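1. sequence-free structure coming up:
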């Protein structure tokens, strides 16, 4: 196994996260203080390449909003010096939105290679990279591992997103998301806060699991995530390697495209019609305000009701629509558990509190 190391301390494997050395040095659950610097933390990517941290990073760049949000929630937002694919104004919860606005946008989409390498970062958190070649940052003219090392930038991935498409089995739980939170907590010295976030997710998931546990799989309603913003001419559907499949499954529903191996796939409307889902989620990206969001949800619903190909669907005729944003469903993060709870409440009224 190849290894990228910045410390020589021997490490012990802990479920994909490796910790070694002595000492801790955390102060409180808000993550405001980092590690004392004596404990080495190593993380492995999807192919087993290992990156070791002898101390908490001081200047972090994130590839997109999901990595940024996780770091903000962990209390490490003051370490983030740049991001690509920034969140739209108002798309994050109020307390995080103001912090996100202070982070420099290095790229409206993928961060240009030269800008990333010259950012002065000591860590690049990659959220959506293709893990096949492991060459760099996933899209476009990405830096190579050698270029990252020459620039003094350690490069790690969020496994819940970057590893999903290449997973050997369908994604049906949020364990990879929770592992990312735990890993980032260890790397940034905010493990106490990470434990709180994971515990909060588990509380919500456990409550839903208990409420719907007696419902046989065959009796669970079928569910279609309608990605309205991806275009209506040829729908883009979420397959079983996408985090949305886990969200739908945990909420007690059956993803109608759960037999599709991969993360996304374009299909024809005839395939959706053949599935004839019981429920449809109106997948709309956050517009930045509640009024704008509701307008977009209404447009998505009206399209389904007026289109000759979809107006006869069971869910459309019965008005079984869920107005839940795309980001909290398809992007790995703490809000996935909130979405599980929200979907379950709609599908199992009276059972899920």
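-> Looks like it came in fine. These numbers come from a predicted model, not from an experiment.
2. drop to CA atoms for contacts and neighbour counts, all remaining ones
-> Noted.
3. residues in contact with stretch 105-112: which ones?
-> 63-64, 82-86, 115-116, 139-142 (CA atoms under 8 Å, 6 or more residues apart in numbering).
4. and if you look at stretch 266-283?
-> For stretch 266-283, the external contacting residues (CA under 8 Å, 6+ apart) are 221-229, 234-237, 256, 297, 300-301, 309-310, 313-316, 320-326.
5. and for stretch 301-312?
-> Here stretch 301-312 makes contact (CA under 8 Å, 6+ apart) with 269, 270, 273, 282, 316, 317, 321.
6. distance check, the first one against residue 249.
-> From residue 269 across to residue 249, the span is 23 Å (CA to CA, to the nearest Å).
7. who has more neighbours out of those two?
-> residue 249 (23 against 16; other CA atoms under 10 Å).
8. so the more buried one sits against residue 170, correct?
-> No: Residue 249 is not in contact with residue 170 according to CA atoms under 8 Å; the separation is 10.6 Å.
9. in PyMOL, how would I select the buried members of the contacts of stretch 266-283?
-> The following PyMOL line selects those of these that are buried, judged by 16 or more other CA atoms under 10 Å:
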select buried, resi 221+222+223+224+225+226+227+228+235+236+237+256+297+300+301+310+313+314+315+316+320+321+322+323+324+325+326
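10. so which of the contacts of stretch 266-283 belong to helices?
-> 297, 300, 301, 314, 315, 316 (DSSP state H).
11. surely residue 42 is in a strand?
-> Yes: counting by DSSP: H, G, I helix; E, B strand; the rest coil, residue 42 is part of a strand.
12. what about it, neighbour count?
-> By other CA under 10 Å, 28 other residues sit near residue 42.
13. that one against residue 52, yeah?
-> Yes: contact criterion CA under 8 Å: residue 42 and residue 52 qualify, at 4.0 Å.
14. give the buried residues for whichever strand or helix holds residue 294.
-> Assessed by DSSP states H and E, residue 294 sits inside helix 290-306. Neighbour-count burial for helix 290-306, counted by 16+ other CA under 10 Å, picks out 293, 296, 297, 300, 301, 304, 305.
15. now swap in stretch 117-124 and tell me
-> Those would be 117, 119, 120, 121, 122, 123, 124, for stretch 117-124 by 16+ other CA under 10 Å.
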